[in-house]
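Chemist: Curious how this folds, go ahead:
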Amino acid sequence: MSPIVIFDSGVGGLSIFDEVRQQLPWLPVVYCSDNAGFPYGPKSEAEVIARVSECLRRLLDTYRPQLMVIACNTASTVALPRVRQELPVPVVGVVPAIKTAASLSQNRCIGLLATPGTVNRPYTDQLIREFASDCDVVRVGSSELVYLAEQQLRGLPVSQVHLTEILSTFVHRPLIPDYIVLGCTHFPLMKAALSACAPDVRWVDSGQAIARRVSNLIQKPDSVSGKASHTAVFTQACDTIEALAPALYARSIGDIQLLS
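Modeler: Next up is the predicted model:
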């Protein structure tokens, strides 16, 4: 069976992988971390577009997937139009789940926790105007949380003090958001730690919606048996890949390769 590709600059896209694996356990996945280009946040839009386009074309040539997911909000908001024109397979992107949070909010105050680039991008402004115009939307941009998620997945401790500081804008205000959108795919990996710092908040992300979208677009087999095995691909050899191995193996990702 042809796999799908899930692509991110780092390991945040594993939050999308987890949802796809839960809903479609029989579907093989090639998970690609563009660690040579990480992080995308400080890069210009032109640089991100060129980088994503190059990597996806190489992945297509090597693995012949039936569908590709850009599991990165930064890359999705700037690169989707180009790669959808270039590639002969469907490409699914990720956007902050502002519509979902606004539909669930009872106090009409929601939060957006994302990278600084996503928080300030015009695309995000449009989502808020379209789906949350009647809400007070509190935005917090954090690059540090991306690195903390990468650190946690490698088995290193994460400071609750740092997490509390990151969330302080949400909780030290008269009206606290009842739902906060995790607008970076790294951040759902930190959900348990974030909840410990803000127990009264509910967290919303795009993982389940992306998995449903994948299910609707792929070619389903007539019959399936057992669970699929998966592949992790990195764009650069480095020492930190070994530290990720336990987290990858726990997800039935047993094959680790470098992108040719």
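
Chemist: Pass me the low-pLDDT residue ranges in the stretch 151-260 of the chain, would you?
Modeler: Applying pLDDT under 70 to the stretch 151-260 of the chain flags the ranges 225.

Chemist: Strands of that one, start to end?
Modeler: 179-182, 202-204, 230-234, 253-258 (DSSP state E, counting those that start in this stretch).

Chemist: Pick the most buried one from those.
Modeler: Using mean count of other C-beta atoms under 10 Å, the stretch among the strands of the stretch 151-260 of the chain with the largest mean neighbour count is strand 179-182, at a mean of 26. (Each C-beta comes from the backbone N, C-alpha and C, glycine too.)

Chemist: Mind listing the strands that strand pairs with, and their directions?
Modeler: Under the criterion DSSP bridges, strand 179-182 sits next to strand 109-114 (parallel), strand 202-204 (parallel) in its sheet.

Chemist: picking that back up, wait, which of the strands of the stretch 151-260 of the chain is closest to L148?
Modeler: Taking C-beta to C-beta, strand 179-182 is the member of those nearest to L148, at 13.1 Å.

Chemist: Find the nearest non-adjacent residue to M68, please.
Modeler: Counting by C-beta to C-beta, 6 or more residues apart in numbering, M68 lies nearest to V5, which is 4.4 Å off, once chain neighbours are set aside.

Chemist: residue nearest the centroid of the protein?
Modeler: T185 (2.4 Å; C-alpha atoms, centre = their mean).

Chemist: hang on, the earlier thing: make sure the residue nearest to M68 is indeed in a strand.
Modeler: Yes - assessed with DSSP: H, G, I helix; E, B strand; the rest coil, V5 lies in a strand.

Chemist: residue furthest from the geometric center of this protein?
Modeler: P174 (30.5 Å).

Chemist: Check the gap between R108 and A250 for me.
Modeler: 39 Å (C-beta to C-beta, to the nearest Å).

Chemist: before we move on, what about A232?
Modeler: When A232 is compared with A250 (using C-beta to C-beta), they lie 12 Å apart.

Chemist: Between R108 and A250, which has more neighbouring residues?
Modeler: A direct count of neighbours by other C-beta atoms under 10 Å for R108 and A250 places R108 higher, at 14 against 8.

Chemist: Ignoring the adjacent residues along the chain, who's closest to that one?
Modeler: That would be C135: by C-beta to C-beta, 6+ apart, it lies 4.9 Å from R108.

Chemist: Can you give me the neighbour number for that neighbour?
Modeler: Count around C135 with other C-beta under 10 Å applied: 19.

Chemist: and it, what does it touch?
Modeler: 102, 105, 108-110, 128 (C-beta atoms under 8 Å, 6 or more residues apart in numbering).

Chemist: try 6 Å this time
Modeler: 102, 108, 110 (C-beta atoms under 6 Å, 6 or more residues apart in numbering).

Chemist: Please look at the last one and Y179 and confirm they touch.
Modeler: Yes - contact status for I110 versus Y179: in contact at 5.0 Å, counting by C-beta atoms under 6 Å.

Chemist: Next, the residue nearest to the centre of the chain: phi, psi?
Modeler: For T185, the backbone dihedrals (degrees, to the nearest 10) come out as phi -70, psi -20.

Chemist: give the contact list for it.
Modeler: 12-13, 15-16, 71.

Chemist: same check, this time on A102
Modeler: Contacts for A102 (C-beta under 6 Å, 6+ apart) come out as 131-132, 135.

Chemist: give me that answer again for 8 Å
Modeler: Taking C-beta under 8 Å, 6+ apart, one finds 110, 131-132, 134-135 in contact with A102.

Chemist: mind listing the helices for the stretch 101-250 of the chain?
Modeler: Secondary structure of the stretch 101-250 of the chain, counting by DSSP state H, counting those that start in this stretch: helices at 116-120, 122-131, 144-153, 160-171, 191-197, 207-217, 240-249.

Chemist: Nearest to L56 among the ones you listed would be which one?
Modeler: Closest among these, once you apply C-beta to C-beta, is helix 207-217, at 15.8 Å.

Chemist: Can you point out the buried residues in that closest one?
Modeler: 207-211, 213-214 (16 or more other C-beta atoms under 10 Å).
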